[in-house]
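Asks: No sequence on hand, only this structure:
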């Protein structure tokens, strides 16, 4: 799973998600790629790191935000590896570009971008060359999609999210920019842009960083105090994603709903698009052998 790559939205880990998946027997790999480089350059780094661990094996790729583009490009266009990709699942990935990237470049100015990027060298994985900003424009993503068609034999799934910022909210400004041009969004990526392959649903009241476990305890408590409980539970969501891949792609299980609780807030928060998943914890990813998670 690859998180946002453009500071200040970069995150450094998937809070609690990796641990939960490993606790039920999943193999999880988290890699780092240059934060603001293009999907092409990031994908090359990604390929090498996955090959180091999973040479000759089958993997499921899950990418968040720009990470989904890295996964797609690597799967379609890079062939210096022996592992094989079973599926690519993207979470809030700007497949059709981000109008906020266009807006950012217009506001900062392409000639001033190098000075801004020099501040990003302090990032743990380096700032990169800044090509991410150019790559994510609407026009450049059109070209990317033409050059990166889905690979035959690989299953493609996607999720989107919507979020309504409060009066004082980090996401208020970028959300308004995207809302005006593309409609409902998670604060950075619109639902429209997030759809790719089989679209599994839209997560409600979830911002771009919530999707990778950036909901801390204080925020949960504050929301509960205000009577606006946060239903989305990242670990539960990704357990569901993993279970779905094991059953839908690898054919494990009978795709029954018999173990799904009648009342499950986490499931409700996932939206009606969530298909055929066993929700009993004893079933979740019991058979899934390889799951590769990536982020910068």
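Replies: That came through fine. Remember, it's a predicted structure, so these values are computed and weren't measured experimentally. Numbering: from 1, shown residues only.
Asks: all contacts plus neighbour counts: C-alpha atoms, from now on.
Replies: OK.
Asks: What residues does residue 249 make contact with?
Replies: Each residue near residue 249 by CA atoms under 8 Å, 6 or more residues apart in numbering is listed here: 86, 87, 155.
Asks: what separates it from residue 50, distance-wise?
Replies: 20 Å (CA to CA, to the nearest Å).
Asks: for the strand or helix carrying residue 60, packing partners?
Replies: Using DSSP states H and E, residue 60 sits within strand 58-64. Using 3 or more CA pairs under 8 Å, 6 or more residues apart in numbering; DSSP states H and E, the elements in contact with strand 58-64 are helix 67-77, strand 84-91, strand 291-293.
Asks: let's see it at 6 Å
Replies: strand 84-91, strand 291-293 (3 or more CA pairs under 6 Å, 6 or more residues apart in numbering; DSSP states H and E).
Asks: May I have the strands that pair with it, each with its orientation?
Replies: According to DSSP bridges, strand 58-64 forms sheet pairs with strand 84-91 (parallel), strand 291-293 (parallel).
Asks: Of those, flag the one that's most buried.
Replies: Across those, the average number of neighbours (mean count of other CA atoms under 10 Å) peaks for strand 84-91, which reaches a mean of 24.
Asks: Check the spacing between the residue most central in space within the chain and residue 193 real quick.
Replies: Nearest residue to the geometric centre of the chain (CA atoms, centre = their mean): residue 64, 1.3 Å. Relative to residue 193, residue 64 is positioned 13 Å away (criterion: CA to CA).
Asks: related to what we said a few turns ago, beta partners for the residue nearest to the centre of the chain?
Replies: residue 91.
Asks: Pretty sure it sits against residue 89.
Replies: No: Residue 64 is not in contact with residue 89 according to CA atoms under 6 Å; the separation is 8.5 Å.
Asks: can you give me the strands in this protein?
Replies: 28-29, 58-64, 84-91, 155-161, 198-203, 291-293 (DSSP state E).
Asks: what angle do the longest one and strand 155-161 make?
Replies: Interaxial angle, strand 84-91 versus strand 155-161 (axes from the mean of the first three to the mean of the last three CA atoms, to 10 degrees): 20 degrees.
Asks: tell me the angle strand 84-91 makes with helix 67-77.
Replies: Using the same axes, to 10 degrees: strand 84-91 against helix 67-77 is 150 degrees.
Asks: Strand 84-91: how far from the chain's middle?
Replies: Centroid displacement of strand 84-91 relative to its chain, using CA atoms, centre = their mean, to the nearest Å, is 11 Å.
Asks: Contact partners for the residue lying closest to residue 176 once chain neighbours are set aside?
Replies: Residue nearest to residue 176 in three dimensions, not counting chain neighbours: residue 187, with 7.9 Å by CA to CA, 6 or more residues apart in numbering. With contact set as CA atoms under 6 Å, 6 or more residues apart in numbering, residue 187 has these partners: 171, 174, 175, 207.
Asks: Pipe those into CSV and attach neighbour count, distance to residue 79 and pLDDT per row.
Replies: Listed next are the contacts of residue 187 as CSV, based on neighbours: other CA atoms under 10 Å; distance: CA to CA, whole Å; pLDDT from 0 to 100:
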residue, neighbour count, distance to residue 79, pLDDT
171, 18, 38, 90
174, 19, 36, 93
175, 25, 37, 96
207, 24, 34, 91
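Asks: Show me which pair in the residues you listed is furthest apart.
Replies: 174 and 207 (11.3 Å; CA to CA).
Asks: Including mean pLDDT and distance to residue 147, could the helices and strands packed on strand 58-64 go into TSV?
Replies: Listed next are these as TSV, based on pLDDT from 0 to 100; distance: least, CA to CA, whole Å:
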stretch	mean pLDDT	distance to residue 147
strand 84-91	97	17
strand 291-293	36	24
